[in-house]
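# I need the structure of the sequence given here:
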Amino acid sequence: MKLKFLLPLLPALVLGQNLTMEDEYSIKTLFIYNFTKYIEWPAANKKNVFEIDVVGESAILKPLEALARNKKINQKPIIIKMIDAESEVTGDIVFIPFSGSKKLSTVLKQCKGKNALVITEAPNLALKGSAINFRVVEHKIRFELNQAAAKNSGLKFSTELVELSIPVNAQ
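Numbering: from 1, shown residues only. Coordinates of the predicted model:
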């Protein structure tokens, strides 16, 4: 099963030391898309679209918008929205870029009880409550998983996703 998850990521993972910002956000977009396949989303989600909210301006918007034009998640069209931390979170996924890191606690309050997956990319944010946090390890993009935050989101993560992650135990 691990191989099944990694196959679409293999071309991205061999980029080595010369990652451009565009490459990095394309890879993160691919990860986000693949995460959705290994998470059990609540049946209560009756929306006709799968929404990804991005907190503030980020270079990930362009690759996410390209993804939304070409793919679906759970047979639903993908909608990408740029929001600020004070906006009502309506996304199934909320991505907080480096520039929005200080807004994590506000976003987490907004997400309470909404079954939203919070994904971040700044150091230690998995320890502070995001479910998934991207890290660059030895020139490769990896991800941390805060199982307590994941459980609190009401989403169920597959064993394969958990095994591929860097586990984080928040206190």
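
# Now for the residue sitting nearest the centre point of the chain: which residues touch it?
The residue lying closest to the centre of the chain (C-alpha atoms, centre = their mean) is I119, at 3.9 Å. Counting by C-beta atoms under 8 Å, 6 or more residues apart in numbering, I119 touches I32, F35, I93, V94, F95, I96, S130, A131, I132, N133, F134. (Each C-beta comes from the backbone N, C-alpha and C, glycine too.)

# Bridge partners for it, pull those for me.
Taking DSSP bridges, one obtains F95, I132 as the residues bridged to I119.

# Okay, now the unreliable bits of this protein?
Across the chain, residues meeting the criterion (pLDDT under 70) sit at 1-19, 43-45, 170-171.

# Please tell me how far the closest residue to S101 other than its chain neighbours sits from D23.
Residue nearest to S101 in three dimensions, not counting chain neighbours: A122, with 4.1 Å by C-beta to C-beta, 6 or more residues apart in numbering. Applying C-beta to C-beta, to the nearest Å, the value for A122 to D23 is 19 Å.

# Those two: who's more crowded?
Between A122 and D23, counting by other C-beta atoms under 10 Å, A122 is the more crowded of the two (19 against 14).

# isn't that one right up against F98?
Yes: applying C-beta atoms under 8 Å as the test, A122 and F98 come out as touching, 5.1 Å apart.

# mind listing what's buried in the host helix or strand of V107?
If you go by DSSP states H and E, V107 is part of helix 104-111. Judged by neighbour count (16 or more other C-beta atoms under 10 Å), helix 104-111 contains these buried residues: L104, T106, V107, L108, Q110, C111.

# Quick check: the two most widely separated of the contacts of I119?
Farthest apart among the contacts of I119 by C-beta to C-beta are F35 and I96. That separation is 15.0 Å.

# who's more crowded, the two?
Of the pair F35 and I96, I96 is the one with more neighbours under other C-beta under 10 Å, namely 27 against 23.

# export the contacts of I119 to TSV and tack on distance to A68?
Below are these laid out as TSV (distance: C-beta to C-beta, whole Å):
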residue	distance to A68
I32	11
F35	15
I93	12
V94	15
F95	13
I96	19
S130	22
A131	21
I132	19
N133	23
F134	20
